[in-house]
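Asks: would you be able to build a 3D model of this:
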Amino acid sequence: MRLRTVYYFFKILTVLFFLFSFSQSSSALTLDENKVSAGNLDHLNLAFKELAKSDGYVAEQWDVVIGKSIVNNPTNFLEAYKQNKSSVTRLDALVGNLGVEFIDNFKKQAAEIHKRIKALKSVKNRNLKSYAIECIKQLEYNLKVVEEPINSDQ
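Replies: Below is the predicted model:
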């Protein structure tokens with residue numbers, strides 16, 4: 001009986017040790033929206049994974065945060081998009097959701113879209129060019145939609 005108790009004690013101790021060491025050695029990042037917006041590749045990849053699991057308002061917020069990285073670090077944005085493209089359901093939302101500060105301000109929207117297009121055109125990595133072109137085409141379409149009200153006011 002005593003031997004069995006000692007055996008289970010060490011078995012439980014081994015399991016606890018394993019769990020503790022796994023939690024300490026895990027390289028999981030805590031998602032930081034500022035790092036996502038800045039274009040940190042690890043955080044962008046995590047954000048794309050969160051976007052894939054989200055819908056509605058939460059998905060829109062991830063689109064906005066990820067989209068900000070286009071201007072701040074277009075190469076990393078494209079690299080993360082390339083790595084996670086299969087999980088992106090709406091490219092128009094990913095590159096075109098600008099955030100609440102742009103609502104009903106078409107000139108501000110157009111300026112931001114122009115910045116994003118310029119940033120994507122600046123990427124020199126050949127492996128990312130086709131992804132850049134895809135995003136630029138979507139942004140150019142968004143720009144036409146945004147510029148309609150601007151042009152009709154003139």
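
Asks: quick one: contacts for the residue most central in space within the chain?
Replies: The centroid of the chain falls nearest to Ile66 when counting by CA atoms, centre = their mean (3.7 Å). By CB atoms under 8 Å, 6 or more residues apart in numbering, the contact list for Ile66 reads Val36, Leu44, Ala47, Phe48, Leu51, Phe77, Ala80, Leu94. No exception for glycine: its C-beta is placed from N, CA and C like everyone else's.

Asks: okay, buried residues for the helix or strand where the fourth one lies please.
Replies: So the one you mean is Phe48. Using DSSP states H and E, the element containing Phe48 is helix 41-53. Across helix 41-53, burial judged by 16 or more other CB atoms under 10 Å covers Leu41, His43, Leu44, Asn45, Leu46, Ala47, Phe48, Glu50, Leu51.

Asks: identify the residues contacting the nearest residue to Val88 once chain neighbours are set aside.
Replies: For Val88, ignoring the flanking residues on the chain, the nearest one in space by CB to CB, 6 or more residues apart in numbering is Leu94 at 5.8 Å. By CB under 8 Å, 6+ apart, Leu94 lies in contact with Leu51, Asp63, Ile66, Gly67, Tyr81, Val88.

Asks: can I get these in TSV with pLDDT and distance to Arg126?
Replies: Shown next, in TSV, are those (pLDDT from 0 to 100; distance: CB to CB, whole Å):
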residue	pLDDT	distance to Arg126
Leu51	94	26
Asp63	96	27
Ile66	97	23
Gly67	97	24
Tyr81	98	16
Val88	96	21
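
Asks: give me the subset of those lying in helices.
Replies: The helices, defined by DSSP state H, take in Leu51, Asp63, Ile66, Gly67, Tyr81 from the contacts of Leu94.
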